[in-house]
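Here is my input, please return the structure:
(one chain, ligands or ions: 1)
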Amino acid sequence: MTANDHGVDWDGLRAAAVAALDHAYVPYSNYPVGAAALTDSGRIVSGCNVENASYGLTLCAECALVGDLHMGGGGKLVAFVCVNRAKETIMPCGRCRQLLYEHSAEGMLLETVSGIRTIDEVLPDAFGPRDLERVAEAT
Ligand code: THU
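Alright, predicted model coming up:
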């Protein structure tokens with residue numbers, strides 16, 4: 001482990017993302033994506049993209065990952081990586097940043113194209129569940 005690994009087995013996480021990518025259903029883009037994350041209970045969850053003939057209904061790999069998180073008992077995401085077929089790290093799309101934020105542990109880390117970043121760096125000033133709770137408490 002190097003000094004900037006933050007104690008996360010990024011190679012293991014990346015291997016899980018690459019394995020997930022093999023299950024992608026991508027007849028339209030031919031661009032398989034695999035995502036994997038470490039949860040706060042030490043579990044690894046993963047997902048692949050699943051496309052649709054109605055293109056806009058495509059499910060990104062992150063959608064399947066969040067499903068895997070909940071099917072396995074829930075929890076919060078601590079570290080995340082997403083890869084393409086060339087095993088390159090790719091960035092979660094805008095919608096999926098919001099999806100990940102919803103399920104993030106505080107300080108969640110992402111391996112990005114510009115190194116390890118926190119969820120707050122990847123989605124600054126995010127709107128999330130705490131905003132709803134704050135208003136509900138005040139009324
Ligand atoms: N894709 C993901 O699965 N996750 C992302 O964060 C970026 C894009 C997928 C959606 C589509 O199936 C393919 O990549 C090409 O856009």
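
what's the burial count for residue 56?
Neighbourhood size, residue 56 [other Cβ atoms under 10 Å]: 5. Where C-beta positions appear, they are placed from N, C-alpha and C, glycine not excepted.

Give me the contact list for stretch 87-100.
Contacting residues not belonging to stretch 87-100 are listed as 14, 18, 33, 35, 60, 62-63, 66, 77, 80-84, 108, 110-113, 119, 122-123, 126-127 [Cβ atoms under 8 Å, 6 or more residues apart in numbering].

Buried subset of those residues as a PyMOL selection?
Here is the PyMOL selection string for the buried members of the contacts of stretch 87-100, based on 16 or more other Cβ atoms under 10 Å:
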select buried, resi 14+18+33+35+60+62+63+66+77+80+81+82+83+84+108+110+111+112+119+122+123+126
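
Run through the contacts of stretch 87-100 and flag the ones next to the ligand.
33, 60, 62, 82 (Cβ under 6 Å from any ligand atom).

Return the residues in contact with the first one.
In this case it means residue 33. Here residue 33 is in contact with 21, 24, 48, 49, 60, 61, 82, 83, 84, 90 (Cβ under 8 Å, 6+ apart).

So which of the residues you listed are in strands?
48, 82, 83, 84 (DSSP state E).

Can you tell me which of those is nearest the ligand?
residue 82 (5.8 Å; Cβ to the nearest ligand atom).

Sticking with the closest residue to that closest one other than its chain neighbours, tell me its helix or strand.
Leaving aside its sequence neighbours, residue 82 sits nearest to residue 35 (Cβ to Cβ, 6 or more residues apart in numbering; 4.4 Å). Residue 35 is part of strand 33-39 when elements are defined by DSSP states H and E.

Keeping just the C-alphas, turn that strand into CSV.
This file holds the C-alpha atoms of strand 33-39, laid out as CSV (Å, rounded to 0.1, in the frame of the first residue of the first chain):
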residue,chain,number,x,y,z
VAL,A,33,-18.8,-0.6,-17.4
GLY,A,34,-18.1,-2.2,-14.1
ALA,A,35,-18.4,-0.6,-10.7
ALA,A,36,-17.4,-1.8,-7.3
ALA,A,37,-17.5,-0.3,-3.8
LEU,A,38,-16.4,-1.1,-0.3
THR,A,39,-19.2,-0.7,2.4
